[in-house]
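S.K.: need a 3D model of the sequence below.
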Amino acid sequence: MAAASKAALATFERTADPTHPQFGGWGVVAVALVAVVFLGAVFFGAGGGETEVRALSVDVELLIHRATGEGQHERLLDGATARDGDILTFEIRLGQPAYAMVIGTADRAEPGAVWPLNADAATTLPLSSGILQLNATHTLPRGGVQARWIAVSCVSPHTVGRILGDVQAAAGDPAARIGTDCTQSSVGLRQLASGH
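M.R.: As a prediction, the model looks like this:
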């Protein structure tokens, strides 16, 4: 009996030795399960609509350039000053394929489609991807107005009319959402009239 007690005590001491931890098969499974749950929460997000909205949208960036002569172009950042007669070109960059368009708005004017060209309210936004040098130009008219251009990218197809309606309804509210699964990027210019 003493021998059995000594053997049990030796086994207990060996198991309790902190320099020699022992994990049984279930311990490995438990650690792996915790790791999978943790990584899943980090990768897919935990609970909140905000994470889901980001996952259901496509990043878009709008770039506007002004022709400076001899085929050169200068990028205009949000808030830049432009002049009557400046010729603007547009580029959009999409993080992944999306239905996209570019809209122009100005003081006291309804928003209009800049691209796709010749679109009417029933036109479905074109599926686009990558970096697009748009085949649309805009010459700034006389008058010195504030103007803003908005690039919109959507996960699902929408019509031009739907997006223009959302833009008009959101006028003056930079935090307003356009479409339920769309993201936007905008550039506003302050236009000076000739002679300023």
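S.K.: for whichever helix or strand residue 152 is part of, packing partners?
M.R.: If you go by DSSP states H and E, residue 152 is part of strand 146-154. Other helices and strands packing on strand 146-154, by 3 or more C-beta pairs under 8 Å, 6 or more residues apart in numbering; DSSP states H and E, are strand 60-69, strand 87-94, strand 98-106, helix 160-169, strand 182-192. For glycine as for every other residue, the C-beta is placed from the backbone atoms N, C-alpha and C.
S.K.: now those in JSON lines, with distance to residue 134?
M.R.: Converted to JSON lines, the helices and strands packed on strand 146-154 look like this (distance: least, C-beta to C-beta, whole Å):
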{"stretch": "strand 60-69", "distance to residue 134": "10"}
{"stretch": "strand 87-94", "distance to residue 134": "4"}
{"stretch": "strand 98-106", "distance to residue 134": "7"}
{"stretch": "helix 160-169", "distance to residue 134": "15"}
{"stretch": "strand 182-192", "distance to residue 134": "13"}
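S.K.: residue 138 is nearest to which of these?
M.R.: In terms of C-beta to C-beta, the element of these nearest to residue 138 is strand 87-94, at 4.6 Å.
S.K.: the helices and strands packed on strand 146-154: lowest mean pLDDT?
M.R.: Ranked by mean pLDDT, the helices and strands packed on strand 146-154 bottom out at strand 182-192, with a mean of 87.
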